[in-house]
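Visitor: Need coordinates for the below:
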Amino acid sequence: METMKALLVDDSTEIPVMTLGEFQKPEPAHHELLVKVEATALNRADLMQKAGKYPPPKGVTPILGLEMAGIVEKAGKDVEGFQKGDHVFGLLPGGGYAEYCTIHAGHAMKMTEEMSFEEAAAISEVFLTAYQAVIWLGELADKETILIHAGASGVGTAAIQLAKELKQARIITTAGSDEKCSVTAGLGADLCMNYKQENFADSLEETFGKNCVNVIVDFVGSPYWDNNIRTLALDGRLVYLAMLGGATIEKMSLVPILRKRLTIRGSTLRNRSDEYKTSLTQEFQKTSLNLFREERIKPVIDSVFDWKDVEEAHSRMENNQNAGKIILTGM
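Guide: Numbers count the residues shown, from 1 in each chain. Modelled structure (predicted):
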């Protein structure tokens, strides 16, 4: 059995930690690529899985890591369009925190010549999640208004850029510091509100009037429920990608949902079918990959860590210190 180095969860202590160890090197199935990982990126799901709160889907490797960039080592017998030596990046169900991983060929994208491995590793999870939320679920139309909570997060920074470039939307964001608001403004946000200093619904109404938002992308959950519903326009759409602030609403009225004809949707991406992820990846490539080549959109990288310093990287994310993606390299 051939092995490889991988970052593994050590849960023998009260607080789980990451350790560098050995794990079986994967072998690509007929529809997969074996990739030598050059860079991966952190996601909040990694922290949840590490803590034992987000187990991987059935049949998926226990190794963390939902995206990567690297070099094709081997292609499965039914794979077309990829060969050994290709530089690729893509979405994973797990396995990015390792020297090697396998990826469904339908989920892999070829890097452009301009991309570094660090940049490519910062794209897949956040841009595909954002594309799904903004275009597929939020159904954002041309020149509508979108409110993106946690605008300086990885998905937030991707959503701002896609909404601007694909739909020429009016973009409103929330963030937890003036520095993070500056990041969102630099990406194209028309208004950013520091939620620690102001009530976003009050500020929105003062600036743009009541019922002014067509689409909201929210990661916070219950604390924002009332103000989300308050600011949505007729036929507004509210998309939940996480509920980091809480999932229980003790008192709520259903009347605005009927009166405003609202649509409320929730989604995760990891447990979607391979077919769904392939369709999402292919559409994203057609509509958006050229925007990277033209430098009209870009991955926002907060910091780059050697993978042996993964605990420091995790701590940075856990403490909400990052604006954009945190990258691991050195596999």
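Visitor: Quickly note the distance from residue 94 to residue 125.
Guide: Distance, residue 94 to residue 125, by Cβ to Cβ, to the nearest Å: 12 Å. Quick note: C-beta positions are derived from backbone N, CA and C, even for glycine.
Visitor: Check the contact lists of the two and give me the overlap.
Guide: Residues touching both residue 94 and residue 125 by Cβ atoms under 8 Å, 6 or more residues apart in numbering: residue 66.
Visitor: Comparing these two, which residue is more hemmed in?
Guide: Remark: of residue 94 and residue 125, residue 125 carries more neighbours, 28 against 20, as counted by other Cβ atoms under 10 Å.
Visitor: how about that one, what does it touch?
Guide: Applying Cβ under 8 Å, 6+ apart to residue 125 gives the contacts 41, 43, 66, 67, 91, 154, 155, 269.
Visitor: Looks like the first one contacts residue 322 (just checking).
Guide: No - in terms of Cβ atoms under 8 Å, residue 41 does not count as a neighbour of residue 322; the distance is 10.8 Å.
Visitor: neighbour count winner among these two?
Guide: Between residue 41 and residue 322, counted using other Cβ under 10 Å, the more crowded position is residue 41 (31 against 20).
Visitor: The more buried one: what's it in contact with?
Guide: Residues in contact with residue 41, defined by Cβ under 8 Å, 6+ apart, are 67, 68, 96, 121, 122, 125, 154, 325, 326, 327, 328.
Visitor: Return the distance of the first one relative to residue 49.
Guide: Noted for residue 67: a distance of 14 Å to residue 49, by Cβ to Cβ.
Visitor: same thing with the third one?
Guide: As judged by Cβ to Cβ, residue 96 and residue 49 stand 12 Å apart.
Visitor: Pick out whichever of those two has more residues nearby.
Guide: Of the pair residue 96 and residue 49, residue 96 is the one with more neighbours under other Cβ under 10 Å, namely 35 against 22.
Visitor: Need phi/psi at the residue nearest to that one when sequence neighbours are not counted.
Guide: Nearest residue to residue 96, sequence neighbours excluded (Cβ to Cβ, 6 or more residues apart in numbering): residue 65, at 2.2 Å. Reported as degrees, to the nearest 10, the phi and psi values for residue 65 are phi 120, psi 110.
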